[in-house]
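> Take a look and give me a structure for this.
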Amino acid sequence: MNSLRIDKWLWAARFFKTRSIASEEIGKNRVQVNGQDAKASREVKAGDTVRLRQGAVERTVRVLGVSGVRGPAPVAQLLYEETPESMEARQKAAEQHRLAREPALSIAQGRPTKRDRRQIQKNWDDRWSAKADG
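The predicted structure is shown next:
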């Protein structure tokens with residue numbers, strides 16, 4: 001086996017959980033082979049460069065081998081080699097994510113408690129009453 005469909009290779013190399021997810025990502029132009037946007041039927045062979053995006057992480061890998069079966073992770077990692085630039089960028093992104101502040105921590109108050117809601121409703125009814133004063 002010298003070449004294999006890119007969606008099948010991405011699945012076998014464990015970049016995506018299913019082949020259909022790999023095909024969707026390819027359809028959204030999140031996968032390039034040798035600098036060109038790929039289609040799911042694009043054939044890859046050893047020596048090709050594949051650039052893909054998984055969420056916020058962008059990876060560039062060189063294809064070392066092809067396999068049509070999905071094996072264990074250690075075997076799947078033998079199918080590709082990540083470029084040093086890609087690994088460095090991924091580590092920087094992970095560090096940025098680790099140091100970034102959690103957005104939920106910036107909220108001064110959470111949802112109102114039952115007691116708070118009753119107080120809000122009481123104040124609202126007193127202020128905007130539709131009662132007849134007469």
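
> from here on, contacts and neighbour counts on C-alpha atoms
Will do.

> Going by residue numbers, what spans are helices in this protein?
Listed from the start of the chain, the chain has helices (DSSP state H) covering 6-12, 19-27, 73-76, 84-99, 114-127.

> Deepest in the core, which of those helices is it.
For those, the largest average neighbour count (mean count of other C-alpha atoms under 10 Å) is found in helix 6-12, namely a mean of 26.

> Rounded mean pLDDT for that one, please.
Per-residue pLDDT over helix 6-12 has a mean of 94.

> Now do the contacts for Gly65.
For Gly65, the contacting residues are 45-46, 78-80, taking C-alpha atoms under 8 Å, 6 or more residues apart in numbering as the criterion.

> pLDDT score assigned to the most centrally placed residue in the chain?
The C-alpha lying nearest the average C-alpha coordinate of the chain belongs to Gly55 (C-alpha atoms, centre = their mean; 2.0 Å). pLDDT recorded at Gly55 is 82.

> Dump the helices of the chain into a markdown table; add distance to Asp37 as well.
Formatted as a markdown table, the entries for the helices of the chain read as follows, by distance: least, C-alpha to C-alpha, whole Å:
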| stretch | distance to Asp37 |
| --- | --- |
| helix 6-12 | 11 |
| helix 19-27 | 8 |
| helix 73-76 | 23 |
| helix 84-99 | 18 |
| helix 114-127 | 53 |
